[in-house]
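Engineer: starting from these lines, generate the structure:
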Amino acid sequence: MGDSRTPAVSAARIDFERKLLARAARGRQAVAKRPDVIPASFGQERMWLSDWLDPEASTESTVFVIGLRGDLDVTALRGAVTDLARRHEVLRTVVEPGKGGLVQRVLPSADVPLPAVEMPADAEAVETFAREQLVRKLDLAKEPPVSWSLLRHAEDEHHLVLRMHHIAADGWSEGVLNRDLSLLYRARATGEPAGLPELPIQYADFAIGQRERQSGAGLERGLSYWRRRLAGAPTTVPLPFDRMPGEDDALDSGTAFARIPGTVVDDLEKVSAVEGASGYMALLAAFAVTLWRGCGQQDLVIGSPVAGRELPETEQLIGVFTNTLPMRVLVRPEESFQQMLRRVRENALDDLAHGEVPFQRLIDATRPARVPGRLPLVQVILQLDNTGFAEPEFSGVEVSYRQLFAEKSALDLTVSLGRRGPDYITVWKYRSGLLEESTVRLLHDRFVAVMRQLAARPDAPLLGAEG
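Structural biologist: Residues are numbered from 1 along each chain as shown. Below is the predicted model of the structure:
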């Protein structure tokens, strides 16, 4: 979060940080002993349920296509992949229904398969292979959530294809995986130590502690907050649909990539810093203004994924820690952007202080009205990747990196921003049965225009800031 500039913000942040420290202390005490049956985390439970919605294809998988040109040590790469699964238990963990709910089971450490596939250096063939991996349905009760393939085009030209289910990893984990794989490869290739510290806990330990923290009086306190926060909240966000949703609509999705000049976001963050708000808070407020101008609805609930890594022990772990918070944003046209930011900041601090309440438990407790064909409460998500992403590195090898996304989505719209060099890459994932790509790109253009306008005139009333 940005630096605080007022006593009120300082007090709120101090209180929030105290809660995080107390939570971290409880978490450390909770991982001393594993039960015979290990419960799945709430994140694993959410991903399992989402994947279960479509019996034909995986909705929660992603594929990374890593181009490798140069002197690749294939033997070292095979060893590094095995070492990675040995280091992170979650990469060899299966999840299945048990008597008391979903449980996880860590498979014994063993050599991880890295099949080599001879293939011409043809972009279309690589794409076809990767997309076949993406849509293949995974048996989460029997198969590890991560698989690898090495496409060999020539002695000095390969593609490493990583298929990963989100039940094992979130966006933060991507950076951890790339860093660890790079160091483990170097260790295998050179015979020198990888230099990775011992992990104090594994993902299963986190899940045990999370279940204990989010039960009884602790859970009820969090649920009471969210009941108050969401009382009277709107049922949906009225997007500019090309076709209105219906109960039997398919979950097919499309993905549009766009670029935002880094200066646009930087200018907006300068305004947020004056108000003691974070860059994400400014983006959230600007996105809400964009939606309000398009639909006229002033009360909006926008989903915000939070990292869920308050415990220091979780920072270097691969796993699914994220939770979705239903950020309620009120647009008051007579206010300035500066005034709106102050409210968004104060509400966000309170929301984050109750951010570990599992989203599904929150839905069960608040019982939002259901609309046919749409998810309850949150249909739109805005997320910012500020985890310091780095691609894998292999000595003597030129690396290219590309991600393929699942072609299914229960959400109407997910907007993801991440800095890549001087600019931001924005990924707009949308339900293709409801929205055309041209409509999504128009939304992107409007979002960028709103950011420019608000940064240029942060003290003007929102109703008149378009000029």
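Engineer: contacting residues for the closest residue to residue 462 other than its chain neighbours?
Structural biologist: Sequence neighbours aside, residue 333 is the residue nearest to residue 462 in space, at 5.1 Å (criterion: Cβ to Cβ, 6 or more residues apart in numbering). Glycine gets a C-beta too; all of them are placed from N, C-alpha and C. Counting by Cβ atoms under 8 Å, 6 or more residues apart in numbering, residue 333 touches 298, 461, 462, 463.
Engineer: pull the helix or strand with minimum mean pLDDT from the chain.
Structural biologist: helix 7-30 (a mean of 42; mean pLDDT, DSSP states H and E).
Engineer: downstream neighbour of that one in the secondary structure list?
Structural biologist: As assigned by DSSP states H and E, the chain's next helix or strand after helix 7-30 is strand 38-39.
Engineer: how distant is that following strand from the center of its chain?
Structural biologist: The chain centroid and the centroid of strand 38-39 are separated by 23 Å under Cα atoms, centre = their mean, to the nearest Å.
Engineer: tell me which strands that strand pairs with, and in which orientation.
Structural biologist: Strand 38-39 sits in its sheet next to strand 101-106 (antiparallel), going by DSSP bridges.
Engineer: who touches the partner strand?
Structural biologist: Strand 101-106 has contacts (Cβ under 8 Å, 6+ apart) with 37-41, 44-45, 48, 89, 92-97, 202, 204, 207.
Engineer: skipping adjacent residues, who's closest to residue 421 in space?
Structural biologist: Per Cβ to Cβ, 6+ apart, closest to residue 421 is residue 262, 7.9 Å.
Engineer: repeat for residue 338
Structural biologist: Distances taken as Cβ to Cβ, 6+ apart place residue 458 nearest to residue 338, at 4.9 Å, with adjacent residues excluded.
Engineer: just to revisit the earlier point, measure the residue nearest to residue 462 to residue 298 for me?
Structural biologist: Taking Cβ to Cβ, to the nearest Å as the measure, residue 333 and residue 298 are separated by 7 Å.
Engineer: the strands in the stretch 301-450 of the chain, which residues?
Structural biologist: In the stretch 301-450 of the chain, the strands defined using DSSP state E, counting those that start in this stretch lie at 323-330, 380-385, 397-405, 413-420, 423-431.
Engineer: format these as TSV; extra columns: mean pLDDT.
Structural biologist: Shown next, in TSV, are the strands of the stretch 301-450 of the chain (pLDDT from 0 to 100):
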stretch	mean pLDDT
strand 323-330	96
strand 380-385	94
strand 397-405	93
strand 413-420	93
strand 423-431	95
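Engineer: who wins for proximity to residue 160 among the ones you listed?
Structural biologist: Among the strands of the stretch 301-450 of the chain, strand 397-405 comes nearest to residue 160, with 9.2 Å by Cβ to Cβ.
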